[in-house]
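Asker: Using only what follows, build the 3D model:
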Amino acid sequence: MGTPAIAHFGTTIIEAAPDTEIDQKQVPITGALGNTLEFLRILGFQPAMENMYPGVGRQYIWRRGDIGDVDYIEQDNFTSYGAVPRPATDGPRAGDTIFRMTHADPVSVFQKLEAAGLVEVSDKAQREAFVDGNKAWLLIRGPNGQHYEFGPTQPTVAGNHTVYVWTPDDRLDDVAGNYAQHFGLMPAQTENFHGIGKVTRLTRDEPGLTIGLLHAGTQTLAERWTDDIFKEAGYSHFRLGALDKPVTEAATRQAFPAGGDVSFVYFEDSYLELVQA
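Answerer: Alright, predicted model coming up:
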């Protein structure tokens, strides 16, 4: 069986390099990495895999549930000893990514995360509406710098497995067409997105997936700062299952040599773990 096209995403985390004579595995898990793993633990995740890369960083993949569950999800938490914060901009950059994170009891879990100092919310009015039960979804920022759309577990895989990508307005049609061609994602609807822009949703039923193309109207998106996933703290990546992986791989740019049946590529403004759907 090949690598499954599941909800699997990750974010680059800054970590200081240990002395060369120290075993990476023995270095205490603290700082942004430690806070991120505690964030996931409160959300119901458990450790699944870990890898040590001498001179590069560490990787801790955590998961929630079992493959086949409607809300199964994996988060790839990997640190880079060479990562730095990117230059600040007034708004999002092309390719910036928001992951949907669902939970059966979102308000209670959010309050636990907030009490532990593990989430940030920029819009306090929306926070109050969410806590009071007057708003189903809330944009939050995790301790790894990743932005999430947080809310209730959905009845379909496509409803839970949702990824939003900031996309230049003048490329919306082309990008949507490429997602349709390579991933079988068809336009669903365009709507306001939490007051920060609009989202054009593209979806498929099997394997379930929704990609939301975020666009800001008159606001011009800054360009991506770097393609180096090990350099930029907060750099997001996610897994996607292609309809015909060799065809899609030929239409993308390689990021790193493939590992088994997983190819690491740049598709539009996103870094993908590309697998066969």
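
Asker: So which residues of the stretch 151-277 of the chain form helices?
Answerer: Here the stretch 151-277 of the chain has its helices, by DSSP state H, counting those that start in this stretch, at 157-160, 172-183, 245-250.

Asker: which helices and strands sit right next to the shortest one?
Answerer: Using 3 or more CB pairs under 8 Å, 6 or more residues apart in numbering; DSSP states H and E as the contact criterion, the elements in contact with helix 157-160 are strand 97-103, strand 209-215. (Glycine included, C-beta is placed from N, CA and C.)

Asker: picking that back up, take the helices of the stretch 151-277 of the chain and write them to TSV, including mean pLDDT, distance to Val131 and mean neighbour count.
Answerer: Converted to TSV, those look like this (pLDDT from 0 to 100; distance: least, CB to CB, whole Å; neighbours: other CB atoms under 10 Å):
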stretch	mean pLDDT	distance to Val131	mean neighbour count
helix 157-160	97	22	20
helix 172-183	96	34	17
helix 245-250	96	42	15
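
Asker: Output those as CSV; include the columns distance to Gly31.
Answerer: Listed next are those as CSV, based on distance: least, CB to CB, whole Å:
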stretch, distance to Gly31
helix 157-160, 29
helix 172-183, 35
helix 245-250, 36
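
Asker: mind checking which of those helices is nearest Glu232?
Answerer: helix 172-183 (21.2 Å; CB to CB).

Asker: Can you show me the CA trace of that closest one as PDB?
Answerer: In PDB, the C-alpha atoms belonging to helix 172-183 read as follows (Å, rounded to 0.1, in the frame of the first residue of the first chain):
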ATOM      1  CA  LEU A 172      -7.000  32.700  -9.100                       C
ATOM      2  CA  ASP A 173      -8.500  31.200 -12.300                       C
ATOM      3  CA  ASP A 174      -5.200  29.600 -13.300                       C
ATOM      4  CA  VAL A 175      -4.500  28.200  -9.900                       C
ATOM      5  CA  ALA A 176      -8.000  26.800  -9.600                       C
ATOM      6  CA  GLY A 177      -7.600  25.200 -13.000                       C
ATOM      7  CA  ASN A 178      -4.300  23.600 -12.000                       C
ATOM      8  CA  TYR A 179      -5.900  22.200  -8.800                       C
ATOM      9  CA  ALA A 180      -8.700  20.800 -10.900                       C
ATOM     10  CA  GLN A 181      -6.400  19.300 -13.500                       C
ATOM     11  CA  HIS A 182      -4.000  17.600 -11.100                       C
ATOM     12  CA  PHE A 183      -6.000  16.900  -8.000                       C
END
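
Asker: and Asp244, how many residues sit next to it?
Answerer: 12 (other CB atoms under 10 Å).

Asker: where does Leu118 land in three-state SS?
Answerer: Classification of Leu118 using DSSP: H, G, I helix; E, B strand; the rest coil returns coil.

Asker: residues contacting Phe9?
Answerer: Neighbouring residues of Phe9 by CB atoms under 8 Å, 6 or more residues apart in numbering: 74-76, 97, 99, 163, 236-239.

Asker: Please apply the same query to Thr36.
Answerer: By CB under 8 Å, 6+ apart, Thr36 lies in contact with 13, 77, 142-144.

Asker: mind running it again at 10 Å?
Answerer: With CB atoms under 10 Å, 6 or more residues apart in numbering as the criterion, the residues that contact Thr36 are 11, 13, 29, 60, 62, 75, 77, 79, 118, 142-146.

Asker: How about the secondary structure of it?
Answerer: At Thr36 the chain is in helix, as set by three-state DSSP.

Asker: The nearest residue in space to it that is not next to it in sequence: how many residues sit nearby?
Answerer: Among residues not flanking Thr36 along the chain, Asn144 sits closest, at 4.3 Å (CB to CB, 6 or more residues apart in numbering). Neighbourhood size, Asn144 [other CB under 10 Å]: 24.
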